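1. Have a look; sequence and predicted model below, questions after that.
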Amino acid sequence: MFGLTPAGTKLDYTINELMIFLKVIVKRGLIGMIIVKILMNALPEKRKEVLQTLLSMIEVIRQEKGCRSYHVFQDIQNENIFCLVEKWETREDLEHHMRSDRFSVLLGTKILLENEDQEIQVHTVLNTEGREIVNAVRGQRI
């Protein structure tokens with residue numbers, strides 16, 4: 001049990017109850033953000049087609065409700081590997097995007113991929129630190 005004492009009242013919560021509460025406030029966008037990373041390995045002869053498809057979606061997806069950013073990266077050692085990084089305000093915004101036609105197009109590119117699969121990771125971020133953490137760890141200003 002985890003005990004809190006706001007205004008002299010003791011409230012007891014289990015870890016499970018706290019995790020449910022945390023998921024609800026993240027889903028509603030009250031704290032945190034959602035980061036999606038998608039890795040794709042295009043067939044060499046389909047690389048240009050995959051790239052054109054990905055680039056054609058950037059501006060439209062960036063205009064979707066809750067999209068903080070949407071970027072397409074190409075590996076510098078293997079030009080057939082692409083990485084999409086998306087940041088969303090809330091889980092609901094991301095889920096709306098995942099149900100969209102644009103996301104269906106993205107999933108449809110799997111026939112153009114080396115192993116017909118995309119590695120998809122969804123991260124819920126509650127805290128983000130920047131240069132200050134590097135300065136603190138290294139004991140100097142970078």
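-> Right, received. Where do you want to start?
2. Tell me who's in contact with Lys87.
-> Taking Cβ atoms under 8 Å, 6 or more residues apart in numbering as the criterion, Lys87 is in contact with 33-36, 67-70. Quick note: C-beta positions are derived from backbone N, CA and C, even for glycine.
3. hmm, 7 Å instead?
-> Neighbour list for Lys87: 33, 35, 68-69 [criterion: Cβ atoms under 7 Å, 6 or more residues apart in numbering].
4. need these in a markdown table with distance to Glu92, pLDDT and secondary structure, can you?
-> Putting the contacts of Lys87 into a markdown table (distance: Cβ to Cβ, whole Å; pLDDT from 0 to 100; DSSP: H, G, I helix; E, B strand; the rest coil) gives the following:
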| residue | distance to Glu92 | pLDDT | secondary structure |
| --- | --- | --- | --- |
| Met33 | 13 | 84 | strand |
| Ile35 | 15 | 94 | strand |
| Arg68 | 14 | 94 | strand |
| Ser69 | 18 | 95 | strand |
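5. Now, of those, which are buried?
-> 33, 35 (16 or more other Cβ atoms under 10 Å).
6. For Leu18, give me the pLDDT.
-> With respect to pLDDT, Leu18 scores 67.
7. What segments of the chain are helices?
-> Assigned by DSSP state H, the helices in the chain fall at 15-27, 47-62, 91-98, 101-108, 131-138.
8. Of those helices, which is nearest Met40?
-> Minimum separation from Met40 across these (Cβ to Cβ) falls at helix 47-62, 6.6 Å.
9. Over the closest one, what's the mean pLDDT, rounded is fine.
-> Computed over helix 47-62, the average pLDDT equals 94.
10. Please compute how far it lies from its chain's middle.
-> Computed by Cα atoms, centre = their mean, to the nearest Å, the separation of helix 47-62 from the middle of its chain amounts to 17 Å.
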